[in-house]
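**Q** From the sequence below, what's the structure:
(chains A, B and C)
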Amino acid sequence: MNDQLPSPDFDRSRYERPNQDWECGWTCNGCPCRIGPSPTGDCRATAECRPVLEKKEGEEKGRWRCTRPKEHGGPCSDGPLPDGSCACPIPTCQPRRSLRNQRGRLCMAITAATLALLLIGFFGPWRWQFISAGPVSSHHHGVVFSQLRHSWPGDEGCGACHSAAHGDLREWVRAAFSAHPGPLQPQQLPGINAGEMTGLDRHCLACHPGHAFHQPNVTRDHSCSACHREHQGPGRMPAPRDTECLSCHGNGSVMEASLKKGEQLPATAFNFRQTSGRVFYHVPRPEQGYTKVFKSFADDHPEFQLHSQRLTDTNSLRFNHSLHLSGLVKLNGQALECASCHQPDAAGAHFQAITYAKHCQSCHALQFDARNPQLRPPHGDPANVRAFLRSLPTQYADLARRSGMTAQPDTEKFVTEQMRHLRERVMNGENLEQQIFFATDPSRQLAVGAAPSQISARARFAGCAYCHEVGPGGVDGLPRIAPVITPDRWLIRGEFHHAKHAIVACKECHTAATSRQTSDILIPSKKSCTECHSPQGGVAQNCSTCHSYHTVHAPHAHQHVVR
Amino acid sequence: MKGFVRRRLLWVGLLVAATVSVVSVFPVWAGATTRAAYLTGWLLFGLMVLLTGYNWFKKIPHLPLGRSELWLQFHIYAGLFTGVLFFLHVGGRWPTGWFELGLTILYAIVMASGVLGIFISRGWPKRLTARGGEVPFERIPVIRRELRERAEALALSTVPEAKSATVAEFYLRRVHDFFGGPRHFFSHLFEIRLPLNALQNDFTDLKRFLNERERQVAEQLVVLVRQKDSLDYQHALQLTLRLWLFIHIPITYSLMLWAIAHIVLVYGFSAGAR
Amino acid sequence: MLGRRKSQRKGLFEIVAQLWTNPRDPEVRTQAELVQDTGVKARSGTKGAGVFLQDVPRILDEHKTAMMSAGDFFGEIAALSRTTRTATIFAVGGETELLEIRWQGLRDLLRFDDHLRHHIDRIYRERTLATHLREIPIFKKLNDEQLKRVIEQTQFGTYGDYDWSGDYKRLAKEGRHTPEKETIIAQEGDYPNGVVLIRSGFARLSQKFGHGHRTLNYLGAGCEFGLREIAHNWRQRTDAVPFQQTLRVIGYTHVIVVPTPVMEEVVLPTVPEGDLPALFTPGELAETEISDTTRKLDAGAKIGPELMEFLTENRYFNGTSSMVIDLERCTRCDDCVRACATTNEGNPRFLRHGQISGRIMVANSCMHCADPVCLIGCPTGAIHRGQVGGEVLVNQATCIGCSICSNNCPYEAIRMVEIREEDGAFMVDKDMKPIVKATKCDKCSDQIGGPACERSCPHGALKRMDMNNLDAFARWLHR
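**A** Below is the predicted model of the structure:
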């Protein structure tokens, strides 16, 4: 429905003045007076006319005449009062501000309120909570930091890191304009190096000394706060972003400078890693160091040196993973699998070291006498083995007593009997010793001659040389057995956490089932990792997932210095 | 509408191009420098200053500084673009501190009120035109008074003419308040005709109790009621078309002050650009 | 010279300074605005007061002059055709007695006195018609002899009331004014007996449509009617066509008719073939196709018949700077009114209200008409045309507030306001009557950058439109 108002008939002879600050208070009643308020909002209503005194010739007093304009009704019927005032006063009003003016005043009010709120916030008792960019991480919430809290201004110890927090708003403004580049120099932003140390970083050094250590051939310090971003929420600080690592490792000129510096340093300068009781597989530092430029893990991160340099395990202990996992070898009736020997350590990141006693002995016991399988020489030092063999009667006697033979004649009889069998087999102690140390042929077990029922299901002990590298030339004619060094850390420049990979089967990464040689290094190549740790795989592939910048100490550990 | 479509496509195209450029360059930018937040922040602040300048531009219409229409189009699309910049600036995270939370809330209010303003500025003039009864906003009280006086005179005229007070009493009870001022504000905003229909139904119900003359007067009163309703419609929509700026503009000044404080705090507490 | 103020643009600083110098009270007039040195002084002589012009030699040096003596006429063409006076007359030495006949008197005299009519006719033919015809392309190639023949044969026609605004307002009050009631100058279907040239005023061009008439366009000064039909008939004698449209009077129309025989014998042979209008095709005549010529002419089709009728009935075609507002874009923010106020010392000069057709409103703002009836009758010459852009201006210093212009304006664009002193009190005369002045839009002629209202609309809803260029209007409507 289109209802037409009487608006086409309305008074077109009058302008509307939305630019005026004040309007007559009678406007909302629909009858604004023609005089209008003053610019300061005062009602100027007086009367409808200004009477004029007319004196005709000869008259003394004259007559007051109404001068109301014709457009506003013409002269009124009553005329002016005898004292010359108009008989039609215009009722005064309370002028109102126009909408536009009200909006302007609201703007000013809100601006003033905002300013007041900001000043109260900045100078009030809660100013640190007010201006804080958010909760600090758990790293800066500990006991140590609480102690610092009381020595620095600010409820949260802001002054520990921010020198501006030593003062009030004036100090903040001063600090702002002293920054380089400052707020009035935004055009300089693109030219500044992001990794440069700043005043803020120098505060980090007060508690965290030695931050700068990454590699000896690093040519420039990297800002602490660039990697370690605070105020990102409670809990752990977020891991550094790849952009920080790539600011050097993705920068050809920086890598070039590092390469040159590295060439001038002795090789020993790079042997700084602490093993913390672990056995590291020592991977020689490449000639050019780690200065290859790359952009991401999945794309052009260098292949692990173990594979790129086709390194081998130089462990002297012979071990055939393939045989042990083939199913032919059983322990307590069960086929062997990876977890049969490799048990995770307490943290779950790695595995307990492989030892003979825990992992081999149950199958590879040193039984040299099938009749008495429980009698075994000690595993380890050949001198101890010799001492054992040379005291065999005593050993047998001890065995008899442990078996329950308490009477002396029984024990002696037992000893004599066993020694006789032994001599029948090996003829003399020299031969026995030789067989134990040097025999490698598993078909010629030392326990030959025993009745089938006396042959146990365990692997038969062929001789030390079956597993070890045994050679002549030891002290006192003893054999020299090559030390067994079984590394339990292969990728020493990165971190790997097995427990986090529990959903992946061992054999998916480690090709143990096909490894027959000890020299095989079963650490997977980078390709195995990038199947998941890549944009396509969807799993985190940040530098900090595996690497740490700080390499002097254990990863993610640092020293505290209490001021 | 060909020219209109062409112009809109041009502006939307510019906005999309700017968004795509910034969003695609940003990861590279952010990758190359941790200063991305500073750069997006300054870009955002600079745009906000330009956007705020539109209100000041309107105060100097006598200087030929370009057409207001172009300025408004720039204001709208640059304003929308600040949304993209804001998102990039905060890194897609909700702020964790009180100060930055305040800044985000202020920005959200300005943005939301601006988007609301676009919608009502584009849509409501058509509603006003379709409804008819055009009247300048400042003149509405005068028209309302005229309608009220006519209605009162009509209602009172039935007493001597029709010798009956039914219509007059009905007027006092049911209609007088309706003519007293602007009514049914929210109903008009949402095109709800229920209040008017209810009043008209009351008139319909009354007719069975009226004589011939009274019925004529009642019909004339209904016409006046409808005219008053149209006037209220004009009032409601025109007032809202002015009132939304009561949020958008004052909060903008608050936002700018807060943003300046933010800049001082960021520079002061970072001890160097990071 | 008298009554007017020299058009002067404000300097940049002055324009910027308006921000703080604009009075805060409405309609304040400073002494500087109300006093003007016209170079004319009053002096009382032996026979009463008179005015005298100072510095006569300088005036003589700056302008071309000619002497006039007793019995000479001047100013009749300007009075009759409502064009600007082309000369200034002043008395030289001795006593000079002047008889001023206002245009109403002249109109009546012409009606009753054949001799005067012939005299004026002759003067017009001698002085003005030749110049006027030479401006029209088809007459350009005529030599003096041929032109003289044309002039001798040319007929004049004056239709409607010179002061048409009164009639128009009365007609508007009575209701819609349909084309059928208007006086016909040339009828569709009649034999084309001559080319009609509009000299001043306006005429409606319409065509039969159903049971009524559809307005195609309106023709103003300089337009022609009937040339195409006559040129067609001259080339296709066996296939003659009548007038294809009807020409009607709107308000006041003064026409020149060049008869067909004169056209065929004298004029058309001099026009190159390529410059002649295109022949009518059978399709056009059967109304099954529309030619480019008709399409260009038919503004009504471009803007819609409703709007066309609206513009014609309300005489909006008169405007060279009509304020049109697209109500579907206008958010009623009043930025335009505020801009106008800021530009005019804090006083808006238009009312954002007016007649509406569909989504188009023509606001009550001065349209700076091609035919400004407001100029008629101003006793002081305060309302005048500006020298630069032709805008109609009111000189506040010489306006005496008689309201003649305001009453004359058919579009309620001129408002009388009570002016105030600088302290805000109303200025009154010795009878305590408030002093009023006429005010209206001056198209921001003293500012830089054109009308502030148009520039300040944030939604492109407001446009100052020349209604004589309906193509531009159509483009704006469909933007």
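**Q** Helix or strand with the lowest mean pLDDT in chain A?
**A** For chain A, counting by mean pLDDT, DSSP states H and E, helix A:143-149 ranks last in confidence among helices and strands (a mean of 68).
**Q** Can you identify the element that follows it toward the C-terminus?
**A** Note on helix A:143-149: by DSSP states H and E, the next helix or strand toward the C-terminus is helix A:169-178.
**Q** contacting residues around that next one?
**A** A:119, A:122-123, A:163-164, A:167, A:182-184, B:263-269, B:271 (Cβ atoms under 8 Å, 6 or more residues apart in numbering or on different chains). The way it works is simple: take the backbone N, C-alpha and C, and place the C-beta from them, glycine included.
**Q** so after it, what's the next helix or strand?
**A** Following helix A:169-178 in sequence, per DSSP H and E, is helix A:199-207.
**Q** residue in chain B nearest to chain C?
**A** Here chain B gets closest to chain C at one residue, B:Pro64, 2.7 Å apart by Cβ to the nearest Cβ.
**Q** ok, that residue - how many residues close by?
**A** B:Pro64 has 14 neighbours, counted by other Cβ atoms under 10 Å in any protein chain shown.
**Q** mind listing the helices in the stretch 101-250 of chain C by residue range?
**A** All helices of the stretch 101-250 of chain C, identified by DSSP state H, counting those that start in this stretch, fall at C:103-112, C:114-123, C:130-134, C:144-153, C:164-174, C:227-235.
**Q** mind checking the SS state of B:Ile60?
**A** coil (DSSP: H, G, I helix; E, B strand; the rest coil).
**Q** burial count for it?
**A** Neighbour number of B:Ile60 under other Cβ under 10 Å is 17.
**Q** Excluding chain neighbours, give the residue nearest to residue 102 in space.
**A** You didn't say which chain, so I picked chain A. Closest residue to A:Gln102 apart from its sequence neighbours, by Cβ to Cβ, 6 or more residues apart in numbering or on different chains: B:Phe246 at 8.0 Å.
**Q** wait, chain B
**A** In this structure, B:Gly102 finds its nearest non-sequential neighbour in B:Trp258, 6.4 Å apart by Cβ to Cβ, 6+ apart.
**Q** Which of the helices or strands spans that neighbour?
**A** Going by DSSP H and E, B:Trp258 is part of helix B:245-270.
**Q** Equivalent analysis for B:Arg8, please.
**A** Using DSSP H and E, B:Arg8 falls within helix B:2-32.
**Q** what's the distance between B:Phe137 and chain A?
**A** Per Cβ to the nearest Cβ, to the nearest Å, B:Phe137 is found 8 Å from chain A.
**Q** Need the phi and psi values for that residue.
**A** Here is the backbone geometry of B:Phe137 (degrees, to the nearest 10): phi -60, psi -40.
**Q** who touches it in this structure?
**A** A:18, B:234-235, B:238-239, B:242, C:332, C:334.
**Q** Which ones among those residues lie within helices?
**A** Judged by DSSP state H, helices contain the following of these: B:234-235, B:238-239, B:242.
**Q** and A:Asp11, what does it touch?
**A** B:Val142.
**Q** That one: which element?
**A** Using DSSP H and E, no helix or strand contains A:Asp11.
**Q** Report the closest residue of the stretch 301-450 of chain A relative to chain B.
**A** The nearest approach of the stretch 301-450 of chain A to chain B comes at A:His301, 15.8 Å away (Cβ to the nearest Cβ).
**Q** Now stretch C:108-117: average pLDDT?
**A** The average pLDDT within stretch C:108-117 is 80.
**Q** secondary structure class for the residue in the stretch 451-563 of chain A that chain C sits nearest to?
**A** Closest to chain C within the stretch 451-563 of chain A is A:Pro535: 46.6 Å, counting by Cβ to the nearest Cβ. The three-state label given to A:Pro535 by three-state DSSP is coil.
**Q** which one is it nearest to, not counting chain neighbours?
**A** Once flanking residues are discounted, A:Pro535 sits nearest to A:Ala298: 6.3 Å by Cβ to Cβ, 6+ apart.
**Q** Give the burial count for that neighbour, as a bare number.
**A** A count of neighbours around A:Ala298, defined by other Cβ under 10 Å, yields 16.
**Q** That one is in what secondary structure piece?
**A** Going by DSSP H and E, A:Ala298 is part of helix A:297-300.
**Q** buried residues in that helix?
**A** Using 16 or more other Cβ atoms under 10 Å in any protein chain shown as the test for burial, helix A:297-300 gives A:297-298.
**Q** if I pick the residue nearest to A:Pro535, what's in contact with it?
**A** Contacts of A:Ala298 by Cβ under 8 Å, 6+ apart are A:530, A:533-537, A:541.
**Q** Which of the three states applies to the residue nearest in space to the middle of chain A?
**A** When Cα atoms, centre = their mean is applied to chain A, the residue found nearest the centroid is A:Ala239 (2.6 Å). Put simply, A:Ala239 is coil when judged by three-state DSSP.
**Q** wait, doesn't it sit right on A:Ser544?
**A** Yes. Assessed by Cβ atoms under 8 Å, A:Ala239 is found in contact with A:Ser544 at 3.9 Å.
**Q** For A:Arg100, list the residues it contacts.
**A** A:18-19, A:21, C:338.
**Q** Just the angle for the host helix or strand of it relative to helix B:245-270, thanks.
**A** Here A:Arg100, judged by DSSP H and E, is contained in helix A:99-123. On the basis of axes from the mean of the first three to the mean of the last three Cα atoms, to 10 degrees, helix A:99-123 is oriented at 20 degrees to helix B:245-270.
**Q** Residue ranges in chain B under the pLDDT threshold?
**A** Counting by pLDDT under 70, chain B contains low-confidence ranges at B:1, B:27-34, B:271-274.
**Q** actually the stretch 251-400 of chain A, not the one I typed
**A** Ranges of the stretch 251-400 of chain A meeting pLDDT under 70: A:272-275.
**Q** Over to the stretch 451-563 of chain A?
**A** A:451-460, A:551-563.
**Q** Map the structural domains onto the sequence of chain C.
**A** Split into domains by automatic domain parsing, chain C comes to C:137-308, C:315-477.
**Q** How is the chain partitioned into domains?
**A** If you meant another chain, say so; for now it's chain A. A:18-49+A:89-123, A:124-191, A:321-354+A:486-524, A:359-481.
**Q** should've been chain B
**A** Split by automatic domain parsing, chain B gives B:2-131+B:245-270, B:137-240.
**Q** Tell me which of those domains sits nearest to A:Cys76.
**A** Nearest to A:Cys76 among those is domain B:137-240; the distance by Cβ to Cβ comes to 21.0 Å.
**Q** SS state for B:Ile120?
**A** Under three-state DSSP, the three-state class of B:Ile120 is helix.
**Q** how many other residues sit next to it?
**A** 16.
**Q** distance of it from chain A?
**A** In this view, B:Ile120 and chain A are 16 Å apart by Cβ to the nearest Cβ.
**Q** you'd agree that residue is up against B:Arg242?
**A** No. B:Ile120 is not in contact with B:Arg242 according to Cβ under 8 Å; the separation is 10.7 Å.
**Q** what do those two both touch?
**A** Common neighbours of B:Ile120 and B:Arg242 are not found (criterion: Cβ under 8 Å, 6+ apart).
**Q** follow-up on the earlier one: so can I have CSV of the domains of chain C showing distance to chain B, mean pLDDT and mean neighbour count?
**A** Formatted as CSV, the domains of chain C follow (distance: least, Cβ to the nearest Cβ, whole Å; pLDDT from 0 to 100; neighbours: other Cβ atoms under 10 Å in any protein chain shown):
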stretch, distance to chain B, mean pLDDT, mean neighbour count
domain C:137-308, 14, 83, 17
domain C:315-477, 3, 90, 21
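**Q** Quick check: which of the ones you listed is nearest to A:Ser223?
**A** Closest approach to A:Ser223 among those is made by domain C:315-477 (47.6 Å; Cβ to Cβ).
**Q** Quote the end-to-end distance of the closest one.
**A** End-to-end distance for domain C:315-477, by Cα to Cα, to the nearest Å: 19 Å.
**Q** With stretch C:312-327 instead?
**A** Termini of stretch C:312-327 sit 20 Å apart (Cα to Cα).
**Q** That one: how far from the chain's middle?
**A** Stretch C:312-327 sits 13 Å away from the centroid of its parent chain (Cα atoms, centre = their mean, to the nearest Å).
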